[in-house]
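Asker: please find the sequence and the predicted model below.
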Amino acid sequence: MTRVHLFLLLLILGISVVLVRTQYESRKLTTDIDRARAEARRLEIERERLDLEARTQATPLRVEKLAREQLGMRTISPAITVYVADPAKTTAISERQP
């Protein structure tokens, strides 16, 4: 009878250890999931902020202002338009004329 009792005691201790370890791993995984969700929320907020910043940076008025100030560009007008001739067409026309 003592062998049976000893066997059952060892069996209960083994099952207890497995149960405690399983609960620990479950809690650890739950904590990891919570951390991952918090990181996902943080990244989503950061993405929304960057999207807003990109939309703000790409407004037509801002692009025009930067083009004028940094690139020295100006609005198109016939007075400042320069026409460039295509060299291939010019050569073909001059060869045809005697």
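Answerer: Ah, there it is. Residues are numbered from 1 along each chain as shown.
Asker: can you report how many residues neighbour A67?
Answerer: 13 (other Cβ atoms under 10 Å). Any C-beta I mention is one placed from the backbone N, CA and C, and that applies to glycine too.
Asker: for it, give me its contacts.
Answerer: M73 (Cβ atoms under 8 Å, 6 or more residues apart in numbering).
Asker: host element of it?
Answerer: Under the criterion of DSSP states H and E, A67 resides in helix 60-71.
Asker: run the chain-centre distance for that helix.
Answerer: Relative to its parent chain, helix 60-71 has a centroid offset of 27 Å by Cα atoms, centre = their mean, to the nearest Å.
Asker: what helix or strand does the most centrally placed residue in the chain sit in?
Answerer: Centroid check for the chain by Cα atoms, centre = their mean gives R47 as the closest residue, at 6.8 Å. Applying DSSP H and E as the criterion places R47 in helix 2-57.
Asker: distance of A67 relative to D86?
Answerer: 27 Å (Cβ to Cβ, to the nearest Å).
Asker: what of E53?
Answerer: Distance of E53 to D86, computed by Cβ to Cβ: 43 Å.
Asker: distance between the ends of stretch 67-87?
Answerer: Length of stretch 67-87, first residue to last, Cα to Cα, to the nearest Å: 30 Å.
Asker: list the buried ones in it?
Answerer: Residues of stretch 67-87 classed as buried: none (neighbour count, 16 or more other Cβ atoms under 10 Å).
Asker: how much distance is there from that stretch to the middle of the chain?
Answerer: The answer for stretch 67-87 is 37 Å, by Cα atoms, centre = their mean.
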